[in-house]
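Chemist: output the structure for:
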Amino acid sequence: MIKTVLTDKSQNSKELLSSYLKNAAGIDFIACFDNLCDIENFDNIDLIIFNISLSDEEETLKQINEIKQKNENIKFIALSDDMDSMLAKNTLNNGVSDFLFKPVIGSILEASIKKINFPKKIKEEQTIKKAKTISVFSLKGGVGKTSVAVNLAYEIEKKTNKNVCLLDFNSSSSDCALFLGLNSNNNIDDLLNEFQYSNKEKALSLFEKFQNTNLYVLSTASDSLDFKITPLKINLIINSLKNIFDYIIIDTYCAYDENNLAVLNSSDLILYISILSQNVIKSTQSMMEMFSKIGYNQEKIKLILNRYAQDSQISIEEFEKEVNKEVFITLPNNYLTMSDAINRQNPLDITNPQSNIAKAFKKLALSLDEIDINALNSTKQYNHGIYNIIRKMGE
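Modeler: Numbering: from 1, shown residues only. Modelled structure (predicted):
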């Protein structure tokens with residue numbers, strides 16, 4: 001484990017960065033300080049993440065060099081609100097491993113830490129595997145997104161026999177729980193606090209469980225008028241779940257906003273659901289263009305064509321050409337079978353396992369399990385916002 005210390009004078013920044021580090025795989029987050037000079041013992045530290053600005057550049061770099069004299073093995077990552085190229089250059093020239101502009105996204109910080117050449121002992125300790133995270137998303141409603149999420153989660157659990165979390169981020173309803181005949185959790189804040197600090201077995205007991213399986217459901221819907229989902233809370237929820245489960249299947253809501261973007265950024269794969277309808281095709285085309293603009297690895301996005309009928313007036317080839325994206329898999333149009341499963345509050349593999357649509361979900365689960373997530377994550381990606389712009393300008 002990489003024993004890590006954070007220094008930052010901003011309380012908001014400390015809270016955000018601390019939440020990232022506490023839930024990052026392979027990180028042993030020791031403490032948070034206002035200044036480098038507040039750290040008294042450097043013997044048990046592998047990494048210091050510190051803030052630097054133009055106003056305190058000279059003093060901060062002096063402190064960095066003094067720390068190196070006490071422990072030459074300590075690595076450093078600098079964070080700054082000042083978007084100054086000379087500040088970045090001077091900092092990196094003083095033996096700092098990386099320089100990141102604020103605001104820092106959790107995935108970027110984790111990637112920066114992974115790039116550092118730590119002593120062999122630390123690398124060997126980094127054996128914690130985090131959940132494969134798959135988001136089911138569409139810009140249009142009524143395309144069967146929740147049905148895909150529910151049935152995919154069940155098929156993955158059945159195939160792997162591992163712990164699977166079906167996470168419903170629709171804050172206005174609890175459709176995933178409803179589809180499986182489960183109660184929804186309306187105290188997500190209390191649950192979040194609990195499963196952050198509980199062991200794995202205790203944490204699992206806090207979730208709604210589907211029958212005699214390892215499929216657990218968590219809804220973010222709340223009866224409280226004071227409850228509000230934010231990007232920070234989303235990152236905290238997903239990062240906490242990644243340390244508990246083997247797979248996380250996320251049912252998103254139909255919007256392109258900062259909350260859904262936080263979900264998509266935290267996901268290893270995005271299953272974009274579309275159908276052969278002109279208005280849906282148009283929104284699919286727009287979203288594929290947006291994914292390209294924000295710099296997502298195109299292999300991270302898998303296009304699922306739902307409710308597909310071979311006699312459709314629009315061919316798959318025409319659809320692919322219009323949206324400029326190949327279809328990953330088709331799910332057949334079988335309204336009666338799907339409606340029966342929803343009404344009986346069971347997955348398709350229970351209500352009608354021999355149906356063409358149930359078999360299609362088995363094929364989807366198998367196809368997704370064969371994808372090398374590590375290869376996707378090792379590919380350079382950008383993130384949305386000012387950090388994306390800065391990185392692109394620098395290349």
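
Chemist: and the residue of the chain positioned farthest from its centre, what helix or strand is that in?
Modeler: Seen from the C-alpha centroid of the chain, the residue lying at the greatest distance (CA atoms, centre = their mean) is residue 69, 38.2 Å away. Using DSSP states H and E, residue 69 sits in helix 57-70.

Chemist: domain assignment for this protein?
Modeler: The chain breaks down into these domains under automatic domain parsing: 2-128, 132-378.

Chemist: please identify the deepest-packed of those.
Modeler: Most buried of the domains of the chain by mean neighbour count (mean count of other CB atoms under 10 Å) is domain 132-378; its value is a mean of 18. Any C-beta I mention is one placed from the backbone N, CA and C, and that applies to glycine too.

Chemist: can you list the domains of the chain in TSV and add mean pLDDT?
Modeler: What follows is the domains of the chain, written out as TSV (pLDDT from 0 to 100):
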stretch	mean pLDDT
domain 2-128	85
domain 132-378	88
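
Chemist: any chance you could map the helices in the stretch 151-300 of the chain?
Modeler: 175-179, 188-196, 200-204, 231-242, 258-265, 278-293 (DSSP state H, counting those that start in this stretch).

Chemist: hmm, residue 309 and residue 333 touching each other?
Modeler: Yes - Residue 333 lies in contact with residue 309 (CB atoms under 8 Å); the separation is 4.6 Å.

Chemist: show me the contacts for residue 146.
Modeler: When contacts are counted by CB atoms under 8 Å, 6 or more residues apart in numbering, residue 146 touches 136, 170, 175, 176, 179, 251.

Chemist: so what's the nearest residue in space to the fifth one that is not next to it in sequence up against?
Modeler: For residue 179, the nearest residue in space outside its immediate sequence neighbours is residue 150; the separation is 4.7 Å by CB to CB, 6 or more residues apart in numbering. The neighbourhood of residue 150, defined by CB under 8 Å, 6+ apart, consists of 166, 176, 179, 180, 251, 347.

Chemist: try residue 47
Modeler: Counting by CB under 8 Å, 6+ apart, residue 47 makes contact with 2, 3, 4, 5, 74, 75, 76, 77, 113, 116, 118.

Chemist: quick one: it from residue 288, how far?
Modeler: Residue 47 sits 38 Å away from residue 288, taking CB to CB, to the nearest Å as the criterion.

Chemist: circling back to that earlier point, want to throw the contacts of residue 146 into a markdown table with distance to residue 63?
Modeler: Below are the contacts of residue 146 laid out as a markdown table (distance: CB to CB, whole Å):
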| residue | distance to residue 63 |
| --- | --- |
| 136 | 47 |
| 170 | 48 |
| 175 | 53 |
| 176 | 50 |
| 179 | 56 |
| 251 | 47 |
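
Chemist: which among these gets closest to residue 259?
Modeler: Nearest to residue 259 among those is residue 170, at 10.8 Å by CB to CB.
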